[in-house]
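Participant: Let's see this in three dimensions:
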Amino acid sequence: MIVSHKHKFIFLKTMKTAGTSIEAALSQICGPDDIITPFSPENDGYRTGRNPQNYRLNHSLVPKRPLLRRLLRRPERYYHTSVGYYEHMPAWRLRSYLGDDIWNSYFKFAFERNPWDRQVSYYYYKTRSKETRPSFNAFMRNRKKAFIENFSLYTLEGKIAVDFLGRYENLSEDFQTALLGIGITTPIELPKANISTNRDKHYVYQSYYDTDLKELIENWYASEIGVLNYKFDTLLD
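Facilitator: Okay, here's the model as predicted:
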């Protein structure tokens with residue numbers, strides 16, 4: 001997640017939509033007062049601009065650290081809410097921290113991805129450390145682990161809260177469109193970061209689904225599908 005006071009934009013980072021690559025690219029144009037949240041330490045090498053900065057916040061609305069972690073003096077996780085600003089931060093919390101003046105006046109953008117494709121990518125990401133990877137079908141039986149909460153990150157009360165919602169399927173072009181919205185006319189290259197591994201090089205997401213799983217995704221992510229008119233059989237409508 002990035003809040004740039006220099007260029008007056010807010011990037012809300014969703015999951016499995018090349019958010020780390022976008023954040024790494026945007027860090028090149030950020031100034032010293034901008035907010036850049038940490039992401040997974042394994043991806044820090046992809047940054048070519050500024051490192052995480054200004055993300056700690058002393059505010060009455062910031063949740064307190066869990067008592068046990070404080071007593072044990074455990075360090076903060078990079079995604080922990082108690083630091084203030086954090087990686088996958090929802091629009092409602094970000095607006096409450098920044099205030100309406102900044103929220104309403106800055107250019108806000110995020111990215112979304114075909115939910116059927118995104119779910120398979122998430123499956124590989126979440127099972128990457130397993131010696132024996134469970135089947136996709138088995139993984140999907142546990143909604144608590146398998147469900148990706150993206151829609152609430154870029155919406156407020158069920159309505160799109162960003163000025164531009166790009167598509168992962170049109171990533172390069174839509175990223176440049178977002179830059180134009182910021183006022184940046186010089187193209188910025190996106191690095192490849194946080195890519196799910198161990199997928200077949202001829203990966204086709206449709207092959208992971210039977211009828212029941214296909215319908216499960218339709219039910220889980222009806223909001224995203226409705227907003228961007230995604231279809232199971234096509235990446236981009």
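Participant: Can you name the residues that contact Lys144?
Facilitator: Listed by CB atoms under 8 Å, 6 or more residues apart in numbering, the contact set of Lys144 is empty. Yep, even glycine has a C-beta here, placed from its N, CA and C like the rest.
Participant: actually Tyr85, sorry about that
Facilitator: Tyr85 neighbours (CB under 8 Å, 6+ apart): 1, 3, 35, 37, 54-57, 94, 97.
Participant: Need phi/psi at it.
Facilitator: Main-chain torsions, Tyr85, degrees, to the nearest 10: phi -90, psi 140.
Participant: again with Phe164
Facilitator: phi -150, psi 130.
Participant: Same check on Thr177?
Facilitator: Dihedral angles (degrees, to the nearest 10) for Thr177: phi -60, psi -40.
Participant: okay but it is in contact with Phe164, surely?
Facilitator: Yes. If you go by CB atoms under 8 Å, Thr177 and Phe164 touch, sitting 6.7 Å apart.
Participant: quick revisit: just the buried ones among the contacts of Tyr85, please.
Facilitator: Those of those that meet the buried threshold are 1, 3, 35, 37, 54-55, 94, 97, by 16 or more other CB atoms under 10 Å.
Participant: Which helix or which strand is home to the residue nearest to the spatial centre of the chain?
Facilitator: Compute the mean C-alpha point of the chain, and by CA atoms, centre = their mean the closest residue is Thr14, 1.8 Å away. Using DSSP states H and E, Thr14 maps to neither a helix nor a strand.
Participant: so can I have JSON lines of the buried ones among the contacts of Tyr85 showing secondary structure, pLDDT and distance to Val83?
Facilitator: Below are the buried ones among the contacts of Tyr85 laid out as JSON lines (DSSP: H, G, I helix; E, B strand; the rest coil; pLDDT from 0 to 100; distance: CB to CB, whole Å):
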{"residue": "Met1", "secondary structure": "coil", "pLDDT": "95", "distance to Val83": "12"}
{"residue": "Val3", "secondary structure": "strand", "pLDDT": "98", "distance to Val83": "14"}
{"residue": "Ile35", "secondary structure": "strand", "pLDDT": "97", "distance to Val83": "11"}
{"residue": "Thr37", "secondary structure": "coil", "pLDDT": "94", "distance to Val83": "8"}
{"residue": "Asn54", "secondary structure": "coil", "pLDDT": "95", "distance to Val83": "11"}
{"residue": "Tyr55", "secondary structure": "coil", "pLDDT": "93", "distance to Val83": "6"}
{"residue": "Leu94", "secondary structure": "helix", "pLDDT": "96", "distance to Val83": "14"}
{"residue": "Tyr97", "secondary structure": "helix", "pLDDT": "93", "distance to Val83": "12"}
